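Colleague: Just a sequence and a predicted model for now, questions to come.
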Amino acid sequence: MRIDIISCVPRLLDSYFDHSILKRAKDAGLAEVVIHDLRDYSENKHRQVDDYAFGGGAGMVLGIEPIAKCIRYLQSFRNYDEIIYMTPDGDVFEQKTANRLSMTRNLIILCGHYKGIDERVREHFITKEISIGDYVLSGGELPAAVVSDAIIRLIPGVLNDETSALTDSFQDNLLAPPVYTRPADFEGLTVPEVLLSGHEKKINDWRLEQSIKRTQQRRPDLLK
Ligand SMILES: C[S@@+](CC[C@H](N)C(=O)[O-])C[C@H]1O[C@@H](n2cnc3c(N)ncnc32)[C@H](O)[C@@H]1O
């Protein structure tokens, strides 16, 4: 899979994609993330990509010209399954969206900044709008990294154990059960006996029971 991220502050993203599981996915040839500097597509001699909002008011707006130029340039090489804009008024990102997007081949993710982007980009170029929650960040870079991470870790071969992602929270509408590691006894704080039993069925039953209990307590909405 390939994800092209368009940003006017691309350095914010470099370190994230050069480390962690995303780097491993890249090194293994399973996922490629290419970050594009929107300023490279500016016709302005100062590489400016924003301008004042028509009608006045505080805050600059990312203009349609460099964004259109960048998206069209990328589209001249490949077809994209989705052109995503990260925005607080988009659909709130959920695991089921990550599952679906992990099965696509090519994605563009556009990061906004300042007051946002010219509405005409949203109307004519964007195919999907995603929010990572009901709060406002300064730019779309962290949201783009969040979405990319959630997608890429689902690609077969990226995690050491391919079944790991399937037992995470939100798959099957359940939260994950508690996990423990050594020592089995820390100053009298012990680990549930069943996990030390080596009895696979009993362990799986206990985990399912714990998942259901935790979901009922913390996120009953998921069980509806
Ligand atoms: C300061 S915000 C603009 C907020 C916009 N004026 C509004 O009120 O909806 C700048 C950029 O950060 C990104 N952003 C901020 N919060 C976000 C969120 N919760 N989810 C996704 N993207 C977000 C978007 O790309 C947005 O264009």
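Modeller: Noted; the coordinates are in hand. This one's a predicted model, so the numbers in the text were calculated from it and none came from an experiment.

Colleague: Where does the protein get nearest to the ligand, which residue?
Modeller: G112 (2.1 Å; C-beta to the nearest ligand atom). Yep, even glycine has a C-beta here, placed from its N, CA and C like the rest.

Colleague: Let me know the distance separating that residue from P178.
Modeller: In this structure, G112 lies at 38 Å from P178, with C-beta to C-beta, to the nearest Å as the measure.

Colleague: what does T167 give?
Modeller: From T167 over to P178 the distance is 12 Å, taken as C-beta to C-beta.

Colleague: before we move on, what about L110?
Modeller: In this structure, L110 and P178 are separated by 39 Å, where distance is defined by C-beta to C-beta.

Colleague: higher neighbour count, these two?
Modeller: For L110 and P178, the more surrounded residue by other C-beta atoms under 10 Å is L110, and the numbers stand at 27 against 14.

Colleague: buried set for the helix or strand harbouring the more buried one?
Modeller: L110 belongs to strand 106-111 when assigned by DSSP states H and E. The neighbour-count check on strand 106-111 (16 or more other C-beta atoms under 10 Å) flags N106, L107, I108, I109, L110, C111 as buried.

Colleague: okay but the fourth one is in contact with L13, surely?
Modeller: I take that to be I109. No: distance between I109 and L13: 10.0 Å, which falls outside the contact criterion (C-beta atoms under 8 Å).

Colleague: Overlap in contacts, these two.
Modeller: Counting by C-beta atoms under 8 Å, 6 or more residues apart in numbering, the common neighbours of I109 and L13 are I5, A144.

Colleague: give me the element the most centrally placed residue in the chain is part of.
Modeller: Relative to the mean C-alpha position of the chain, the nearest C-alpha, by C-alpha atoms, centre = their mean, is the one of V147, at 0.8 Å. Counting by DSSP H and E, the element that carries V147 is helix 141-152.

Colleague: And for I84?
Modeller: Using DSSP H and E, I84 sits in strand 82-92.

Colleague: Return the per-residue confidence for the residue of the chain positioned farthest from its centre.
Modeller: The centre of the chain is farthest from one residue, G188, which by C-alpha atoms, centre = their mean lies 39.6 Å away. Looking at G188, its pLDDT is 98.

Colleague: Now for it: which residues touch it?
Modeller: Shown in contact with G188 (C-beta under 8 Å, 6+ apart): no residues.

Colleague: Could you do P177 as well?
Modeller: Listed by C-beta under 8 Å, 6+ apart, the contact set of P177 reads W206, R207, L208, Q210, S211, R214.
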